[in-house]
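Asks: My questions are about this predicted structure, shown below with the sequence.
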Amino acid sequence: MWATGRLWGWRERALLWGVLLAAWEAAWGQLHYSVPEELPKGSFVGDVAKDLGLQLPALSDSGVRVVSEGRTPYFALHGKTGHLVTAERIDREQLCRLLEKCLLRCEVILEGDMQVYEIEVEITDINDNAPSFKNIQLEEKISEMTAPGSRFPLAEALDPDSGLNSLQSYELSGDEHFSLAVQTGPGGDQRPELVLTKALDREEAAFHELVLRASDGGEPARTGTARIRVAVLDANDNAPVFSQAEYTVRVPEDVPVGSTLVIVTATDPDEGLNGYVKYSLKKATDLSSEIFHLDVETGAIMLVRSLDFEEGDSYEMDVQARDGGGLSDTARVAITVTDVNDNVPEVSVRSALREISEDAPSGTVVALLHVQDRDSGANGEVRCSLDGDVPFRLRSSRGSYYCVVTARELDREQVSEYNVTVRAVDGGSPALWSSAVLWLRVLDVNDNAPVFAEARYSARVPENNAAGALVLTVRAWDADWGQNARVRYRLGEGRVRGAPLSSYVSVEAETGALYALRSFDYEEVREVGLWVRAEDGGAPALSSNVSVRLVIVDENDNAPQVLYPPAAPLAAGAGWAGVELAPRSAEPGALVAKVVAVDADAGQNAWLSYELAKATEPGLFRVGLHSGEVRTARFPLARDAARQSLVVVVKDHGRPALSATATLTVVLAESVPELLAELGSAASAAAPGEPSGSLTRWLVLAVAAVSCFFLAFLLLLLALRLRRWRRSQLLAAGSGALRGVPASHFVGIDGVRAFLHSYSHEVSLTADSRKSQLRFSGASCCDTLPARPPPDEPAPLLGEDPAAPPWKKLVKEKLSPVGHVFVYFEGAARVA
């Protein structure tokens, strides 16, 4: 029972070791197959997909390829089945001539996963070669004095097959004087020898014919034969003897062709022809015969073809020395080839990426390299490195494989592609090196937002621009590439004067051109502020904003507007506008009127200048260039017309300049009758079609009304004077202070527009006279006009009929300090 348990324990251990071995091979990705040689192309070798546990879709998607050692690919992978098949007919004897076990290695590379699986295929031998002799006709010369039992080496047969299919036995037939003996060499090779079993007699038989047959162990067995002709010679006392039974020589593989490697020497003490020795190769492989040459006279072995340690590191030959009498001796020559650092390291790219994303994590495999050096020892030790400062590093993999992996994160905006040079240096002296270049393009990731060329934009837009006019172009760049760098523009939300911003401006999505959708008016909108957003085409999209300021530039599109004097009414009989009064006694520089104008534009477009364009009496009046004040330039003369017409031109400073005109009528009068007469004549001229009877009737009614009011006013004053007797004194004391008041200070008369100046005056009335005198002070307290124009029509005064004729006037005077007094003048009153 204990023995049974121990037996099962051993079985379990063996099973465990088998499982571990299988797991180790699977972990290292190594498979082993065995196929016979000479299979036709496309023959099945092994089910790689099944043995590696790979799915067929994964194989097709990963980009699978098979790489074989050497220049000839002997295997291929069937893409649909995952089977490893032969790509060429394989001849074991050609590939592994000197090797007992023929192994071919290949690698299955999954390029997508950067995985390598090694496959080892053993090529088994079939009996496709028969033993053969280099010479099928052999000749041996033996003296008749040779003692029985003497041995003579025979040429060996060659069979390139291995194992049982190789040479197994020799047979000799043909004569009773000879037999066959087979010796086993140090390497296990069989060496046939001809043994003399019976003394020879040349007189009995001069020649003996023999047949040597060599057989292999295949099924069926194959054989090869050679005919041996033995010539019996007369007595020859001595056979040649080599100075050494075995010659050993070591030569480097770079020894020049033609060099003598070794000289074999055999001596024969006989004289004459029996002492003359010649050399020949008794046994040598085909390869040895191609590389070395034996001088038959001197025994020198020379090199006729370059040696290559990687093809063969040792050679053995049997050299035979034969004298003229037919006697011979054999010596073995062993040539050992030493390695020289004559092979540069080979760097082969098994798999490599052409493109890598810039956000690939550190340690991402980009290439799989295989490095080998055919030299041996230190000459075959290879060190690999990367040239330059690149964001990659080498990582040693299984065996002679290296992986090129990323050492840090990549940035396409800094470097968009790399040429990575992998350098391999061996350990020889001097060292040899080689390199391979990997080209890698970095794919873009949307990690950069658009950046505007300027931190902020501003533009000056002239008003009255055409709708759809280009205002400016914003430009943003994205450091990314492709779709991630495609920038589109759009407006931010906003409002201008209560209207959506999009109704004023628009932006071209592709170019960033900003267009005005409507004509701007400086007088309405002087500045527009907005935001433009630039957005790339990545997913998710990145964006940035920039502020844009549009300054509306004023254009001279508004002519000056005259506020005073107002324009004359279009309807006939509506009265006169811009009538000013000036006494004939006015001194030069006396203020007559002031033209007031405004301009809706800004800047120099709103700077106004005034000039007198036309006057009834040139030189009588002048206009202030910047103030617009109309003043007398000299004393009015008696010959000057009573009604002066002045045309004042108001110009701005725009380009081109715009202008407006104002027409003033200045009446030169010293008394009220003159004023009324002048106004009456003007009214007659203004309404020539109106009947004169109607005009007279209105004049009579007006005079009567004025007289009534005037008499009532006188009665009131007399009553006050009776009650206050001192009133007359006050009036008499102030009668001398009413001189020099300009007529332009009158207000409230229909058709007359004067400044609303405040001034003081006194009224002197006499009860016994029909004429009343008004005395005005010459002082004026104000010479500027308000910016807002006066109303087109004056408010009617008390008791005034809007349809009253022009000559009926109501004058509202401001009395200081007493108060306001309404004075009604008759038509016969005189202004002094």
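Replies: Nice, thanks for sending it over.

Asks: So which bits of whichever helix in the chain runs longest are buried?
Replies: Taking DSSP state H as the criterion, the chain has its longest helix at helix 692-723. Buried positions in helix 692-723, judged by neighbour count with 16 or more other CB atoms under 10 Å: 695, 698-699, 702-703, 705-707, 709-710, 713, 717. (Glycine included, C-beta is placed from N, CA and C.)

Asks: Would you reformat the residues you listed as a markdown table and include distance to Val296?
Replies: Supplementary listing: the buried residues of helix 692-723 in a markdown table, determined by distance: CB to CB, whole Å:
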| residue | distance to Val296 |
| --- | --- |
| Leu695 | 169 |
| Trp698 | 169 |
| Leu699 | 172 |
| Ala702 | 170 |
| Val703 | 175 |
| Ala705 | 173 |
| Val706 | 173 |
| Ser707 | 178 |
| Phe709 | 174 |
| Phe710 | 176 |
| Phe713 | 176 |
| Leu717 | 179 |
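
Asks: Which pair in these has the greatest spatial separation?
Replies: By the measure CB to CB, the buried residues of helix 692-723 have their two most distant members at Leu695 and Leu717, which lie 32.7 Å apart.

Asks: before we move on, back to that, can you spell out which helices and strands pack onto the longest helix of the chain?
Replies: helix 672-686, helix 727-733 (3 or more CB pairs under 8 Å, 6 or more residues apart in numbering; DSSP states H and E).

Asks: let's go with 7 Å and repeat that
Replies: helix 727-733 (3 or more CB pairs under 7 Å, 6 or more residues apart in numbering; DSSP states H and E).

Asks: so which strand or helix has Ala226?
Replies: Taking DSSP states H and E as the criterion, the element that holds Ala226 is strand 223-233.

Asks: what residues does that strand touch?
Replies: By CB atoms under 7 Å, 6 or more residues apart in numbering, the residues outside strand 223-233 that reach it are 130-133, 135-144, 155, 157, 200, 202, 205-215, 325-326.

Asks: any low-confidence regions in this structure?
Replies: Residues of the chain meeting the criterion pLDDT under 70: 1-29, 58-62, 98, 112, 234-237, 568-578, 671-697, 699, 725-832.

Asks: one step back: can you dump the C-alpha atoms of the strand holding Ala226 in CSV for me?
Replies: Once side chains and other backbone atoms are set aside, the C-alpha atoms of strand 223-233 remain, and they are given as CSV (Å, rounded to 0.1, in the frame of the first residue of the first chain):
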residue,chain,number,x,y,z
THR,A,223,23.2,1.3,-51.0
GLY,A,224,26.2,2.6,-52.9
THR,A,225,29.1,0.7,-54.4
ALA,A,226,32.7,1.3,-55.4
ARG,A,227,35.0,-1.0,-57.5
ILE,A,228,38.5,-1.7,-56.1
ARG,A,229,41.3,-2.8,-58.4
VAL,A,230,44.2,-4.1,-56.4
ALA,A,231,47.5,-4.2,-58.4
VAL,A,232,50.2,-6.6,-57.2
LEU,A,233,53.6,-5.0,-57.3
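
Asks: Pull out the buried residues from that strand.
Replies: Of the residues in strand 223-233, those with enough neighbours to count as buried (16+ other CB under 10 Å) are 224-226, 228, 230, 232-233.

Asks: Pick the one among those closest to Thr661.
Replies: When the buried residues of strand 223-233 are compared against Thr661 (criterion: CB to CB), the nearest one is Gly224, at 138.3 Å.

Asks: Name whatever forms a beta bridge with that closest one.
Replies: For Gly224, the beta-bridge partners under DSSP bridges are Ala214.

Asks: Which stretches in the stretch 51-200 of the chain count as helices?
Replies: Read by DSSP state H, counting those that start in this stretch, the stretch 51-200 of the chain holds these helices, from start to end of the chain: 56-62, 92-95.

Asks: what bridges to the closest residue to Ile126 other than its chain neighbours?
Replies: Here the nearest residue to Ile126 in space, its sequence neighbours aside, is Pro36; by CB to CB, 6 or more residues apart in numbering that works out to 5.2 Å. Here Pro36 shows beta-bridge partners Thr124, assigned using DSSP bridges.

Asks: Tell me how many other residues crowd Pro36.
Replies: Here the number of neighbours of Pro36 (other CB atoms under 10 Å) works out to 14.

Asks: same question, the one 5 residues further on
Replies: Using other CB under 10 Å as the criterion, Lys41 is surrounded by 12 other residues.

Asks: That one and Phe75: what is the separation?
Replies: Lys41 sits 11 Å away from Phe75, going by CB to CB, to the nearest Å.

Asks: what do you get for Ala597?
Replies: The span separating Ala597 from Phe75 equals 105 Å under the rule CB to CB.

Asks: between those two, who's got more neighbours?
Replies: Neighbours were counted for Ala597 and for Phe75 using other CB under 10 Å; Phe75 has more, 25 against 21.

Asks: Go ahead and confirm that one touches Glu88.
Replies: No: applying CB atoms under 7 Å, one finds Phe75 not in contact with Glu88, separated by 8.6 Å.

Asks: just to revisit the earlier point, starting at the chain centroid, how far to the longest helix of the chain?
Replies: Here helix 692-723 is found 99 Å from its chain centre; the criterion is CA atoms, centre = their mean, to the nearest Å.

Asks: can you give me phi and psi for the closest residue to Asp254 other than its chain neighbours?
Replies: Sequence neighbours aside, Val340 is the residue nearest to Asp254 in space, at 4.6 Å (criterion: CB to CB, 6+ apart). In this entry, Val340 is assigned phi and psi values of phi -130, psi 140 (degrees, to the nearest 10).

Asks: Ok, the one 10 residues further on next?
Replies: Backbone torsions of Arg350, given as degrees, to the nearest 10, read phi -80, psi -40.

Asks: now do the one 5 residues further on
Replies: Note on Glu355: its backbone torsions stand at phi -140, psi 140 [degrees, to the nearest 10].

Asks: so it touches Trp439, yeah?
Replies: No: counting by CB under 7 Å, Glu355 does not reach Trp439; the two are 10.2 Å apart.

Asks: From Ala321, how far out is the residue nearest to Ile126?
Replies: Noted for Pro36: a distance of 43 Å to Ala321, by CB to CB.

Asks: cool, Arg89 as well?
Replies: From Arg89 across to Ala321, the span is 43 Å (CB to CB).

Asks: got any residues that touch both of Lys41 and Phe75?
Replies: 86-87.

Asks: can you tell me how far Thr184 sits from Val262?
Replies: Looking at Thr184 against Val262, where the rule is CB to CB, the gap reads 26 Å.
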